[in-house]
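**Q** A predicted structure for the sequence below; I have some questions about it.
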Amino acid sequence: MANNDSKKYKLGMIGLGTMGRNLLLNMADKGFSVTGYDKDRKMISKLEEEGKKHNLEGFDDIKSFISSLQTPRTLILLVPAGPIVDSVIAELKPLLSKGDIIIDSGNSHFTDTNRRVDELEKDGLHFFGMGISGGEEGARFGPSMMPGGDKQAYNVVKDVFDAVAAKVGTDPCVTYIGPGASGHFVKMVHNGIEYAIMELIAEVYGILKNGLGYSNDDIYKVFKKWNEGRLQSFLLEITAEIFVFKDAETQNDLLDQIKDEARSKGTGKWTSEVSMELQLPVPTINEAVSNRDLSKFKKLRVSLEEAFGKKDTKIAVTVEELEDAFYFSMISAYAQGMHLLVQASKEYQYDLQLQEIAKIWRGGCIIRAKFLEDIYQAYDKNNVLEHLFGDAGIQNIIKGTLAGTRKTISACINSGLGIPAFASTLTYFDTITTARMPSNLIQAQRDFFGAHTFERIDKDGVFHADWNKLS
Ligand SMILES: NC(=O)C1=CN([C@@H]2O[C@H](COP(=O)(O)OP(=O)(O)OC[C@H]3O[C@@H](n4cnc5c(N)ncnc54)[C@H](OP(=O)(O)O)[C@@H]3O)[C@@H](O)[C@H]2O)C=CC1
Ligand SMILES: O=C(CO)[C@H](O)[C@H](O)COP(=O)(O)O
């Protein structure tokens, strides 16, 4: 490539795996002059093969890659989150110049992003975090993207992101999220909601299979039908397909050949950790994280089932009642995630615009769902809404689902069918809609044993009682 800046590439991708390669191909489709770097030659060959019609070129030599870019340079990292991001940055630093832009689009922890912004600022480099969602297909044909941090740097690449993002109507599923690491924070919460919805769908599978005796084909039909109505969502759509997918080797349903031990990379756990830190409960997400962890204790579960005996988990609920329970719990999972965003926005001064976040989650991302339109409308009407349950439209939807929800959840509990996410979601709802909780007793207990004091309902101030003295 000639050493003339005008003939150089507008943007360079580092990491040409699932996400990086597909996002780069998406950019090339939209007419941007882009290139990529990966330390693995095979990934470059794959990029060049798939990007043949655009004459896409890749590099396995970082120096040649950097000198192929227009200045100031714009780089996107899509490498595994964690120490690899730091090692890539360390490799890049001596090759970059003041004013260059690095965008970390992986699932980095937001505190790492804060640290990296500070470190790179000292070298005159712009760094910002941008969550991306949509998996392989999304990256290739239109993801949802959550950029936050250095707005000046974001504006340099805004046209690229607007072009490659998924569209709902004409609205691109990308918006500037806010300062600091807000982009990565919002993506983390997106993933927390993703964990919750996946767990709820898995529990529905357990109920249909073990509670109602449905076959995989029957379950496929239920999910397919649900996905045509109010529950329409990406996760339900792909889940339906899983139930009819055959294993090439055995011709059995592949799902039945898969071990019941779920893995994770960490973003759900981070959401739970932050929620504890901010003292803002997200119990459905917590249960989703815990249940993935519980699933790993296979040997223990097998031996305890032997010890306590296999349960008769047959229940008498209708598919319509189960649908209500799922819809109710899905709404609650989004509500908890949005509530956490409200709290984080205050705590970290992110100035998050919830209506904009709901808007860009309507398309492209893993948690896209028809219901996000209702969430968007709720925050669009009132962008300082404290909790989604406070919106009159959402209240009406919830009221319509409660009878079926209670019947389904109580039937599961009575029969011994494990449904941690459903159960905790309903309890969360019943608690957050209770004006006077029994927590006055906790204050009394704390004051009794530790003189921790309490506040009264009838006067201001902080009080202590001599509990050992009979009144
Ligand atoms: N997959 C998904 O659905 C989504 C993933 N993400 C996030 O995006 C990021 C990338 O994920 P994904 O594309 O799935 O991961 P992949 O493992 O598919 O791709 C990462 C690529 O980066 C390469 N790489 C690793 N270290 C370096 C290095 N030092 N220099 C150059 N290249 C390097 C890897 O090479 P090698 O394999 O040889 O190490 C690999 O080709 C992660 O943070 C992930 O959490 C976000 C949204 C969705
Ligand atoms: O970010 C994503 C989608 O939005 C990834 O697919 C997500 O990281 C998967 O997480 P886990 O491996 O923990 O299930």
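**A** Here it is on my side, so go on. Ligands and ions are numbered 1, 2, ... in the order given.
**Q** Would you mind listing what in the stretch 51-200 of the chain touches ligand 2?
**A** Remark: the part of the stretch 51-200 of the chain in contact with ligand 2 comprises 107, 133, 135, 191, 194, using Cβ under 6 Å from any ligand atom. To be clear about C-beta, it is placed using only N, CA and C from the backbone, and glycine gets the same treatment.
**Q** Please, which helix or strand holds the residue of the stretch 351-471 of the chain found nearest ligand 2?
**A** Among all residues of the stretch 351-471 of the chain, residue 366 sits closest to ligand 2, at 4.3 Å; criterion: Cβ to the nearest ligand atom. No secondary structure element spans residue 366, as it lies outside all helices and strands (assigned by DSSP states H and E).
**Q** any idea how far the residue in the stretch 201-350 of the chain positioned nearest to ligand 1 lies from residue 293?
**A** Using Cβ to the nearest ligand atom, the closest approach of the stretch 201-350 of the chain to ligand 1 is made by residue 265 at 6.0 Å. According to Cβ to Cβ, to the nearest Å, residue 265 stands 13 Å off from residue 293.
**Q** Check residue 342 too.
**A** Residue 342 sits at a distance of 27 Å from residue 293 (criterion: Cβ to Cβ).
**Q** so residue 168 bridges to which residues?
**A** Beta-bridge partners recorded for residue 168 (DSSP bridges): residue 171.
**Q** pretty sure it is touching residue 358, no?
**A** No. When contacts are counted by Cβ atoms under 8 Å, residue 168 is not listed as touching residue 358 (11.0 Å).
**Q** Correct me if wrong: residue 125 contacts residue 94.
**A** No. In this structure, residue 125 is not within contact of residue 94 by Cβ under 8 Å, at 11.6 Å.
**Q** Run through the bridge partners of the residue of the stretch 101-250 of the chain found nearest ligand 2.
**A** With Cβ to the nearest ligand atom, the shortest gap between the stretch 101-250 of the chain and ligand 2 falls at residue 133, namely 3.9 Å. According to DSSP bridges, the residues that bridge with residue 133 are residue 144.
**Q** Quickly note the distance from it to ligand 1.
**A** Distance of residue 133 to ligand 1, given as Cβ to the nearest ligand atom, to the nearest Å: 6 Å.
**Q** Tally up the residues packed near that residue, please.
**A** A count of neighbours around residue 133, defined by other Cβ atoms under 10 Å, yields 26.
**Q** Next, the contact list for it, please.
**A** By Cβ atoms under 8 Å, 6 or more residues apart in numbering, the contact list for residue 133 reads 143-146, 187, 190-191, 364-367.
**Q** Which of the three states applies to whichever residue of the stretch 51-200 of the chain sits closest to ligand 1?
**A** Distances from the stretch 51-200 of the chain to ligand 1, computed as Cβ to the nearest ligand atom, single out residue 106 as the nearest residue at 2.5 Å. Applying DSSP: H, G, I helix; E, B strand; the rest coil to residue 106 yields a three-state assignment of coil.
**Q** and the stretch 251-400 of the chain, which of its residues are near ligand 2?
**A** Applying Cβ under 6 Å from any ligand atom, we find that the stretch 251-400 of the chain lies next to ligand 2 at 264-265, 267-268, 366.
**Q** Show the residue spans covered by the strands in the stretch 1-150 of the chain.
**A** Along the stretch 1-150 of the chain, counting by DSSP state E, counting those that start in this stretch, strands occupy 11-14, 34-37, 58-59, 74-77, 101-104, 126-133, 144-149.
**Q** Which positions in the chain make contact with ligand 1?
**A** The interface of the chain toward ligand 1, taken as Cβ under 6 Å from any ligand atom, is made up of 14-20, 38-40, 43, 78-81, 84, 87-88, 106-107, 132-133, 135.
**Q** Surely residue 346 is in a helix?
**A** Yes. Under three-state DSSP, residue 346 sits within a helix.
**Q** now it: how far from residue 333?
**A** 21 Å.
**Q** Which of the two has more residues huddled nearby?
**A** Just comparing residue 346 and residue 333: by other Cβ under 10 Å the higher neighbour count belongs to residue 333, 28 against 13.
**Q** ok, and the more buried one, which helix or strand is that part of?
**A** In this assignment (DSSP H and E), residue 333 forms part of helix 319-347.
**Q** next helix or strand past that helix?
**A** helix 354-360.
**Q** who touches the residue of the stretch 351-471 of the chain closest to ligand 2 in this structure?
**A** Residue 366 sits in contact with 133-135, 138, 190, 194, 234-235, where contact means Cβ under 8 Å, 6+ apart.
**Q** ok, 6 Å please
**A** The contact partners of residue 366, by Cβ atoms under 6 Å, 6 or more residues apart in numbering, come to 133, 194.
**Q** What helix or strand is the most centrally placed residue in the chain located in?
**A** Nearest to the geometric centre of the chain sits residue 191, at 1.5 Å (Cα atoms, centre = their mean). With elements taken from DSSP H and E, the one containing residue 191 is helix 182-206.
**Q** quick one: that helix to strand 126-133, angle?
**A** Between the axes of helix 182-206 and strand 126-133, defined by axes from the mean of the first three to the mean of the last three Cα atoms, to 10 degrees, the angle is 20 degrees.
**Q** hmm, who's touching helix 182-206?
**A** Outside helix 182-206, the residues that touch it by Cβ under 6 Å, 6+ apart are 108, 110, 113, 129-131, 133, 146-148, 177, 235, 239, 267-268, 270-271, 284-285, 288, 291, 326, 329-330, 333-334, 337, 340-341, 344, 350, 366-367, 419, 421-422.
**Q** what's the domain layout of the protein?
**A** With automatic domain parsing serving as the domain definition, the record reports that the chain contains domains spanning 5-180, 186-432, 439-471.
**Q** Mean pLDDT and distance to residue 258 for the strands of the stretch 1-150 of the chain - can I get that in JSON lines?
**A** Rendered in JSON lines, the data for those read as follows (pLDDT from 0 to 100; distance: least, Cβ to Cβ, whole Å):
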{"stretch": "strand 11-14", "mean pLDDT": "98", "distance to residue 258": "32"}
{"stretch": "strand 34-37", "mean pLDDT": "98", "distance to residue 258": "33"}
{"stretch": "strand 58-59", "mean pLDDT": "97", "distance to residue 258": "34"}
{"stretch": "strand 74-77", "mean pLDDT": "98", "distance to residue 258": "32"}
{"stretch": "strand 101-104", "mean pLDDT": "98", "distance to residue 258": "32"}
{"stretch": "strand 126-133", "mean pLDDT": "97", "distance to residue 258": "24"}
{"stretch": "strand 144-149", "mean pLDDT": "97", "distance to residue 258": "28"}
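**Q** Tabulate the ones you listed (CSV), appending distance to residue 249.
**A** Converted to CSV, these look like this (distance: least, Cβ to Cβ, whole Å):
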stretch, distance to residue 249
strand 11-14, 35
strand 34-37, 35
strand 58-59, 34
strand 74-77, 37
strand 101-104, 39
strand 126-133, 32
strand 144-149, 35
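**Q** quick one, which of those strands is nearest to residue 305?
**A** Nearest of those to residue 305, taken as Cβ to Cβ: strand 126-133 at 36.8 Å.
**Q** returning to that earlier point: output the contacting helices and strands for the helix holding residue 333.
**A** helix 182-206, helix 283-295, helix 392-415, helix 420-432 (3 or more Cβ pairs under 6 Å, 6 or more residues apart in numbering; DSSP states H and E).
**Q** what about 8 Å?
**A** Counting contacts by 3 or more Cβ pairs under 8 Å, 6 or more residues apart in numbering; DSSP states H and E, helix 319-347 packs against helix 182-206, helix 216-226, helix 267-277, helix 283-295, helix 354-360, helix 371-381, helix 392-415, helix 420-432.
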